[in-house]
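# Quick one, structure for this:
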Amino acid sequence: MLFDFPDFDDHELVLFGRDTATGLSAIIAVHSTALGPACGGCRMWPYANDTEAMRDALRLSRGMSYKNAMAGLPLGGGKSVIIGNSRTDKSDDLFRAFGRVIDSLGGRYIAAEDVGITVADVMTMGQTTRHVAGLTGGHDASGDPSPFTAYGVYLGIKAAARHKLGADSLKGVRVAVQGLGNVGSHLCQHLADDGAVLTVTDIHADNVQRAVDRFAAVSVAPERIHAAEVDVYAPCALGAVINPRTLAELKATVVAGGANNQLETDAMGEALRSAGVLYAPDYVINGGGIINVSAEVTHAYDRESVLRQVERIPATLSEIFRRADREARPTSAVADEMAREILAAGKDGQKKAAA
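Purely as a prediction, here's the structure:
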């Protein structure tokens, strides 16, 4: 039963969408609208089974609630997943069908791009719903959010390196970047410009070769990137990459990347702390993209204002790091507590407004 699902965290709504004509099988999970309409990316991935897709949707949507709360945005948390191979299963009809599923929620959920989904795909969804964001055309269009995500992650890595390594610069700092899609490739550019030494991997060989050629990076097999001899491990692909197996082989003393749900379980936060590894909570460090999208959703898009807000991410992370040190607690637990306090205040505000 859905309500007994391990990752069901009092979600407000879970919607299953199916369109046999286009082959669409999708899940939309709305975790919270305490702070505003739920907003979060749509992911397309060839999940092994429906249970795996459900788990991802639920974990990602809760993460979006926390991400939007910690970024101070007037948005709730939601996420959607389309089950399929993004390189072979896409069609305009499929995305238009998914747009109709989104539209059925009447604005309770707003979709943007995520892993496997491009801005062009979101624009196609926009042909059948206005509840999409991260567009390249129209009033207040904000465009591809991934460069803003990557910029925030880069700034967050600098804050983490300063806190853990005592490094005022990333020059000579060894960083392993896992995943070279939109976010990972932009992140590599920032890191290389700052003098970092890069180790990279991706499931697509062409992405790896581009990074090797452009950034003089060293490539490793996807299944060994976590064990690279580096200072910083930056996951920028799928989640659950920090687990008992990978932690046992981890050489880095900082984990800071753009992927969502990097910890396989909440317990891995304490495991990282006990191992002397500083973890930058994923939904804090990777908030740049949704900050950019939020400015479009609220019809107040100004690129310079967005950049200033993204540049506050390191200060939030530093506060989490200091509090975690002071309280001898995992950074993940500290961030979760802070996010839940913000969401609870939002819910109380809703109740008072309705009274």
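# Give me the domain ranges for this structure.
11-63+77-125, 146-287+314-339 (automatic domain parsing).
# Please identify which of those is closest to residue 4.
Go through the domains of the chain one by one with C-beta to C-beta and the one that ends up closest to residue 4 is domain 11-63+77-125, at 12.1 Å. The way it works is simple: take the backbone N, C-alpha and C, and place the C-beta from them, glycine included.
# Need the domains of the chain in CSV (columns: mean neighbour count).
Converted to CSV, these look like this (neighbours: other C-beta atoms under 10 Å):
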stretch, mean neighbour count
domain 11-63+77-125, 21
domain 146-287+314-339, 20
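# just so I know, which of the ones you listed lies nearest residue 348?
Each of the domains of the chain has some distance to residue 348 by C-beta to C-beta; the shortest is domain 11-63+77-125, at 8.8 Å.
# What are the boundaries of the strands in this protein?
Chain-ordered strands for the chain, with DSSP state E as the definition, fall at 13-19, 24-32, 38-45, 76-83, 109-113, 174-178, 197-201, 218-219, 232-235, 254-255, 278-279.
# How far away from the center of its chain is the longest one?
On the basis of C-alpha atoms, centre = their mean, to the nearest Å, strand 24-32 sits 16 Å off its chain's mean C-alpha point.
# Next, the angle strand 13-19 makes with that strand.
170 degrees (axes from the mean of the first three to the mean of the last three C-alpha atoms, to 10 degrees).
# Provide the strand pairings for strand 24-32, with the direction of each partner.
For strand 24-32, the paired strands and their directions (DSSP bridges) are strand 13-19 (antiparallel), strand 76-83 (antiparallel).
# Save the domains of the chain as TSV, and put in distance to residue 346 and mean pLDDT too.
Shown next, in TSV, are those (distance: least, C-beta to C-beta, whole Å; pLDDT from 0 to 100):
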stretch	distance to residue 346	mean pLDDT
domain 11-63+77-125	4	96
domain 146-287+314-339	11	97
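# Tell me which residues touch the most centrally placed residue in the chain, please.
Nearest to the geometric centre of the chain sits residue 260, at 4.0 Å (C-alpha atoms, centre = their mean). Applying C-beta atoms under 8 Å, 6 or more residues apart in numbering, we find residue 260 in contact with 59-60, 63, 239, 282-283, 286.
# so how far is residue 275 from it?
Here the criterion is C-beta to C-beta, to the nearest Å. By it, residue 260 lies 22 Å from residue 275.
# just residue 335 next, same as before
In this view, residue 335 and residue 275 are 18 Å apart by C-beta to C-beta.
# now swap in residue 62 and tell me
Shown here: residue 62 relative to residue 275, a distance of 25 Å by C-beta to C-beta.
# same deal with residue 197?
Applying C-beta to C-beta, the value for residue 197 to residue 275 is 23 Å.
# Helices of this protein, residue ranges please.
Secondary structure of the chain (DSSP state H): helices at 50-70, 92-103, 119-125, 146-165, 182-193, 205-215, 244-249, 267-274, 282-285, 288-297, 303-310, 313-327, 331-354.
# Reformat these as TSV; add distance to residue 134.
Rendered in TSV, the data for these read as follows (distance: least, C-beta to C-beta, whole Å):
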stretch	distance to residue 134
helix 50-70	14
helix 92-103	13
helix 119-125	6
helix 146-165	9
helix 182-193	11
helix 205-215	21
helix 244-249	31
helix 267-274	30
helix 282-285	18
helix 288-297	5
helix 303-310	12
helix 313-327	19
helix 331-354	22
